[in-house]
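>>> Could you look at this predicted model? Sequence included:
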Amino acid sequence: MLKVDLKFERGARSFQFQLEMGRGVTALVGPSGAGKTSLLRAIAGLEPSKGQIELDGQVFAGRGKASAPHKRHLGMVFQEPRLLDHLSVEENIRLGRKGVHMSLVHRLGIADLLARAPQDLSGGEKQRVMLARALFVQPRALLLDEPLSALDPERREAMIIFLRDVFADLDVPVLYVTHAMEEAARLADQIAVIEQGRIVTHGPTQEVLALRADAHLLSRVQGHVAALDDQYGLAQINIGGQMLEVANRGLDIGRQVQLNIWARDVMLAKSRLEGISARNQLAGSIERLEAIDPATTDIFVKVGEARIRARVMTKTVADLVLAPGADIFVIIKSASIE
Amino acid sequence: MIAFLPIIALSLKVAFFALLWALPLGFTLGYVLATKRFFGRRLLSVLVMMPLVMPPVVTGLVLLYVLGPKGAIGGLLAPLGISFAFNAAGAALAAGLVALPLIVRPIRLSFEHVSKDLDEALAVAGLTPWQRFIMLYVPSALPGVVAGGVLGFAKAMGEFGATITFVANIPGETQTISLAIHSALQAFDQTDLVVWLCVASLAISGLAIWGSEFLLSWLEKRLTGRRAVRHA
């Protein structure tokens, strides 16, 4: 159990955090400057703070005393890899500490890299080495500060899938800082939303996602993976008999998936469009219209069992003569898969 | 020509013993000045750098007043049988003191360039300050130690003003290359000795710089990613 009750100031801004967490992954989500990183660094003992930090009954900081970072038995992965260039990968993991690491490095997929020099590794490999260093001495809590921010989107995707497996085996609190709600949603059991130096929401991931002010703009569509196109790296998702193509990121045929589609990523057409780049067109019928303001209208389209929300200009409604019951084609510009 | 080899040997000996005390002290001072914040840090920095800008003759005089046979500290040491007056030990003391600023500077710069981020990462990983010093600070400072050592050695070899003021110009005792050249120039028949001493000192300086270049580029390879501190 990690208990945090902290106050600190950085320049003109003040921060106040109260947080309790057990084993499992808690994501700290918020915009940059909200204080996520400062909170993590205060827990690690790298920045001074007022208040109390307690882990499994041991007080790290409180009543004017603070134990040094090296006495806290934590593991930490930073935004950028922090490896010693004059040591090998294995020495970077060990750092002269005693212990056995073979099962760990196999699990992290870096067993072949042990003899290499850090500068010969890719960004994703370096972060896995950092993770191995953090987990080497069985830390009592694992702290991660935007560990994927230096990676390109493809490697980030692979690392998210990888981290999910690693986190599942851990029996300690994991605190994961990110500014991307999507990343948090996929990795965390709990989400704490931080705004302007305070935790504004904290709860199970699904509940926090549902609380978002714009959650109603997200359409959720169920389907299953029908076919894979290895040549172009695409997966075909069967949605009530209609096919949608998305980029394949480790999907298997037959797997149930949920597509999240934002209302602004949807276009409408009266007939099936030819010769456009959007590969994702679904036939449906208009269920109802909802005027948001004089210029904007949301249109709900029934596609099989699913309902997709589209945000269009009111003038488009008039131009296309859109009315409930009319047949319509939904063109999806992008969708994320869960 | 008879005196040639003993002069070279004495110079090497004086420079060696100068480094023997000034290099460890320079390493410590470089570390303390680069990483610690304490009252009087600036004053210490100024004191260490003073011999670089002071006229060497004045440095020699200060040594004479402090550590000379009748000096404040020298007077106390004399009954213990420790004397720096007019002997090789005094020459090594003067040469080391004048070389000290040149030794401290590159070492201090190396320590200042040690990444705070790496230090933090090692601390969270459970390494004590001493373990971090051995694993991170010492390897990072090695190029500075080589650069400072070579600079200090060259300075100690060539020292003139402080040496002649503090321990005089005694053949076989305190007469190093520079002092011997000075004496030989004043004699009428020692032009050969002057030339040979010049050639020898050029060769020794050249070899030292050449060797340090090798050592630095080797270190650079070992510590890749971090640029070695050159003679700056």
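That came through, no problem.
>>> residues of the worst-scoring helix or strand of chain B on mean pLDDT that come out buried?
Sorting the helices and strands of chain B by mean pLDDT, DSSP states H and E puts helix B:74-77 at the bottom, at a mean of 84. Within helix B:74-77, the residues that qualify as buried by neighbour count (16 or more other C-beta atoms under 10 Å in any protein chain shown) are B:Gly74. For every residue, glycine as well, the C-beta is placed using N, CA and C.
>>> helices and strands around it, which ones?
Contact partners of helix B:74-77 among helices and strands, from 3 or more C-beta pairs under 8 Å, 6 or more residues apart in numbering or on different chains; DSSP states H and E: helix B:56-67.
>>> as a whole number, average confidence for the helix it packs on?
Averaging the model's pLDDT scores along helix B:56-67 yields 92.
>>> Buried by neighbour count: which residues of it qualify?
Using 16+ other C-beta under 10 Å as the test for burial, helix B:56-67 gives B:Pro56, B:Thr59, B:Gly60, B:Leu61, B:Val62, B:Leu63, B:Leu64, B:Leu67.
>>> ok, the second one touching B:Gly161?
Yes. In terms of C-beta atoms under 8 Å, B:Thr59 counts as a neighbour of B:Gly161; the distance is 7.3 Å.
>>> can you pull out the helices in chain B?
With DSSP state H as the criterion, chain B has helices at B:4-35, B:41-53, B:56-67, B:74-77, B:88-112, B:116-124, B:129-132, B:138-158, B:161-167, B:177-186, B:191-222.
>>> would A:Leu151 count as being in a helix?
No. The assignment for A:Leu151 is coil, going by DSSP: H, G, I helix; E, B strand; the rest coil, so no helix is present there.
>>> ok, now which ones touch A:Ala42?
When contacts are counted by C-beta atoms under 8 Å, 6 or more residues apart in numbering or on different chains, A:Ala42 is found next to A:Leu6, A:Phe8, A:Pro48, A:Ser49, A:Ile53, A:Ala61.
>>> what about stretch A:4-15, how long is it end to end?
Between the opening and closing residues of stretch A:4-15 there is a gap of 13 Å (C-alpha to C-alpha, to the nearest Å).
>>> residues in contact with that stretch?
Under the criterion C-beta under 8 Å, 6+ apart, residues A:16-20, A:33, A:35, A:38-39, A:42-43, A:47-54, A:196-198 lie in contact with stretch A:4-15.
>>> If you go by neighbour count, which of those residues are buried?
Neighbour-count burial within those applies to A:Phe17, A:Leu19, A:Gly35, A:Ser38, A:Leu39, A:Ala42, A:Ile43, A:Ser49, A:Gly51, A:Ile53, A:Glu54, A:Gly197; the criterion is 16+ other C-beta under 10 Å.
>>> wait, which of those residues is closest to chain B?
Of all the buried ones among the contacts of stretch A:4-15, the one with the least separation from chain B (C-beta to the nearest C-beta) is A:Ile43, at 10.0 Å.
>>> is any part of stretch B:139-146 close to chain A?
Yes. Applying C-beta under 8 Å from any C-beta of the partner chain, one finds stretch B:139-146 in contact with chain A at B:Pro139.
>>> Can you give the contact residues for that stretch?
Residues outside stretch B:139-146 that contact it (C-beta under 8 Å, 6+ apart) are A:84, A:86, B:23, B:27, B:30-31, B:106-111, B:113-114, B:212, B:215-216, B:219-220, B:222-223, B:226, B:228-229.
>>> Mind doing that once more with 6 Å?
By C-beta atoms under 6 Å, 6 or more residues apart in numbering or on different chains, the list of residues contacting stretch B:139-146 from outside reads A:His86, B:Pro106, B:Ile107, B:Ser110, B:Phe111, B:Val114, B:Ser212, B:Leu215, B:Leu216, B:Leu219, B:Ala228, B:Val229.
>>> which SSE is A:Val257 in?
Taking DSSP states H and E as the criterion, the element that holds A:Val257 is strand A:256-262.
>>> Disregarding flanking residues, what is the spatial nearest neighbour of residue 204?
Looking at chain A here, since you left the chain open. Of all residues beyond its chain neighbours, the one nearest A:Pro204 is A:Gln190 (5.9 Å), with distances taken as C-beta to C-beta, 6 or more residues apart in numbering or on different chains.
>>> nope, chain B
Once chain neighbours are set aside, the closest to B:Ile204 by C-beta to C-beta, 6+ apart is B:Met157, at 6.4 Å.
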